[in-house]
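1. sequence and predicted structure are below.
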Amino acid sequence: MRQPARRLPALLALLLATTASAPVAAAGNPLATRDQLRLEREAARLLATPEVRAAEADVRRAFAALPFAATAEGAATLDASAHEVAFAGVEDSLDRDGAHPRTFWVWSPAHRWFGLATPRAKVLMPNADNVFRILPVDAASRYRLTLTRTGPEPTQLSLQLLPSLPGEADWSEVIAQRVDSDLTRAPDGRIVITVGPEAGEANHVATTAGSRFLLLRDTIQDWTRERPYRLTVQRLNGPVATTSAVPGKPEASAQAAADLIRAIVSRVLAARDGGFGRSDGFFSGPANTLAPPRVREGGRWGLSASGHFQIADDEALLITLDPAGAAYLSVQLANGWLGSLDYLGHTASLNLAQSRPNPDGTVTFVAAARDPGAANWLDTTGLHEGSLFARWQKFPGPVAAQAQAVREVRLVRIADLPADLPRLTPAQRRAQVAARVAGYGTRFAR
């Protein structure tokens with residue numbers, strides 16, 4: 001059985017390799033800010049503390065108690081999954097002072113830049129196509145966010161005002177939200193958003209007593225062209241800061257990070273037993289199905305559907321989806337711990353820009369443990385069981401549940417794949433993966 005790679009793919013490692021250098025921001029890269037590099041350095045420090053190491057050991061024990069851990073694939077992926085959950089908790093524990101806000105790109109793949117080696121931070125299968133940035137706020141201050149284009153803009157920009165981050169109580173509650181179609185632009189193309197306790201127009205987000213974070217998502221469908229926005233934040237006014245934090249200097253508690261890690265793993269286990277899990281703590285519902293799509297965030301964001309796959313070496317899962325008018329559609333795979341698979345060195349996620357449609361506009365994705373030759377191969381990285389998640393975003397207007405969005409989910413033998421599916425040669429497959437690596441690698445440019 002081919003196990004999932006635990007190291008960076010050679011092509012990606014070559015692309016991201018840097019010489020040791022001073023951690024200064026890259027002028028042309030909107031993600032490589034001074035604050036980002038300072039926060040990543042602080043995250044690396046916390047990850048090595050005894051408190052966080054003990055919390056990671058608790059995550060491993062919690063995973064090991066599940067039936068899935070007794071399977072070969074569960075055992076093979078347990079340690080790496082526990083580590084990425086721990087690092088996600090470390091990241092989420094940083095940058096929480098609304099009096100000194102810093103923008104922080106979180107839940108990204110492992111990367112090396114500016115002399116830093118940052119491990120993968122993943123929890124609850126974050127979208128492979130998203131650039132997630134968090135920004136701390138408080139309920140009494142006023143802020144101004146400025147988003148500036150750095151190239152062809154993302155397919156969708158969305159913003160949520162939240163009381164907490166994943167793993168904390170009430171983390172799924174959304175206080176307020178905006179998508180790009182709600183927002184107006186300045187004459188120069190910039191998007192300027194104000195945040196504060198007062199009421200305002202479309203480009204204003206009103207805070208409440210429980211407001212603590214802004215989560216911004218740049219959904220980048222075409223990795224080779226679209227670029228994330230440059231995001232800057234200014235605190236315009238507010239109470240005199242009572243914390244000891246110094247602007248630009250992250251301060252964090254190893255114990256707070258450890259506590260958050262332990263909270264996060266409880267949410268992961270609940271998600272497995274809910275949308276992805278069945279009564280024995282393995283996987284839910286009949287295998288090789290997608291649940292009916294559900295409306296997300298009042299329909300302004302779109303639809304999503306979850307499920308899991310269970311296939312043999314000679315089998316493939318055909319997933320035919322209808323975009324149903326959405327500008328963005330994707331399917332992403334994860335392991336049994338809801339940890340994202342390696343979507344850079346493998347086609348473990350695919351969207352409209354990365355796949356070939358059927359003549360009627362639907363898209364048939366082919367999940368398989370080995371290359372079936374189909375152009376829209378969802379590579380399970382050798383796994384035979386795991387989770388899958390589909391997303392439909394950026395509809396022309398608010399949407400209701402789309403009964404026809406999932407056309408078919410069907411298990412077949414690879415030898416019996418429909419003859420009319422788009423195909424790729426081995427050379428074309430290598431080029432497909434190389435294009436993914438190069439396109440995503442622009443986010444780590446120096």
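-> Cool, got the structure.

2. which parts of the stretch 151-300 of the chain are strands?
-> 156-162, 176-179, 191-196, 204-206, 213-219, 230-237, 289-290, 294-296 (DSSP state E, counting those that start in this stretch).

3. so what touches the first one?
-> This means strand 156-162. Strand 156-162 is contacted by residues 137, 147, 171, 173-180, 183, 191, 193, 195, 205, 207, 211-219, 229, 297, 301, 327-328, 393-394 when judged by C-beta atoms under 8 Å, 6 or more residues apart in numbering. The C-beta positions use only the backbone N, C-alpha and C, and glycine is treated the same way.

4. confidence-wise, which of the strands of the stretch 151-300 of the chain is weakest overall?
-> When the strands of the stretch 151-300 of the chain are ranked by mean pLDDT, strand 294-296 comes last with a mean of 83.

5. quick check: buried residues in it?
-> V295, R296 (16 or more other C-beta atoms under 10 Å).

6. parallel or antiparallel, list what pairs with that strand.
-> strand 302-310 (antiparallel) (DSSP bridges).

7. next structured bit after the partner strand?
-> If you walk from strand 302-310 toward the C-terminus, the next helix or strand you reach (DSSP states H and E) is strand 315-321.

8. just the CA coordinates for that following strand, please, in PDB.
-> Extracted as PDB, the C-alpha positions of strand 315-321 are listed here (Å, rounded to 0.1, in the frame of the first residue of the first chain):
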ATOM      1  CA  GLU A 315     -11.800   1.100  -7.700                       C
ATOM      2  CA  ALA A 316     -12.700   4.800  -8.300                       C
ATOM      3  CA  LEU A 317     -15.400   7.000  -6.900                       C
ATOM      4  CA  LEU A 318     -17.100   9.100  -9.600                       C
ATOM      5  CA  ILE A 319     -18.400  12.400  -8.300                       C
ATOM      6  CA  THR A 320     -20.400  14.400 -10.800                       C
ATOM      7  CA  LEU A 321     -21.400  17.900  -9.600                       C
END
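
9. helices or strands up against it?
-> strand 328-334, strand 363-368, strand 385-393, strand 406-413 (3 or more C-beta pairs under 8 Å, 6 or more residues apart in numbering; DSSP states H and E).

10. could you tell me how far the longest one lies from the centre of the chain?
-> It stands for strand 385-393. Mean-position distance between strand 385-393 and its chain equals 12 Å (C-alpha atoms, centre = their mean, to the nearest Å).

11. all helices of the protein, in order?
-> Shown for the chain, the helices assigned by DSSP state H span residues 10-16, 34-47, 50-64, 72-93, 254-273, 426-441.

12. check those helices for me and report the most buried one.
-> Sort the helices of the chain by mean neighbour count, taking mean count of other C-beta atoms under 10 Å, and helix 72-93 sits at the top with a mean of 23.

13. and that helix, what does it pack onto?
-> Applying 3+ C-beta pairs under 8 Å, 6+ apart, one finds that helix 72-93 contacts helix 34-47, helix 50-64, strand 104-106, helix 254-273.

14. please render the helices and strands packed on strand 315-321 as a markdown table that adds mean neighbour count, distance to L269 and mean pLDDT to the earlier fields.
-> What follows is those, written out as a markdown table (neighbours: other C-beta atoms under 10 Å; distance: least, C-beta to C-beta, whole Å; pLDDT from 0 to 100):
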| stretch | mean neighbour count | distance to L269 | mean pLDDT |
| --- | --- | --- | --- |
| strand 328-334 | 25 | 14 | 97 |
| strand 363-368 | 25 | 24 | 98 |
| strand 385-393 | 24 | 13 | 94 |
| strand 406-413 | 16 | 25 | 96 |
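
15. can I get those strands in a markdown table with distance to L260?
-> Output for the helices and strands packed on strand 315-321, formatted as a markdown table (distance: least, C-beta to C-beta, whole Å):
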| stretch | distance to L260 |
| --- | --- |
| strand 328-334 | 21 |
| strand 363-368 | 33 |
| strand 385-393 | 23 |
| strand 406-413 | 35 |
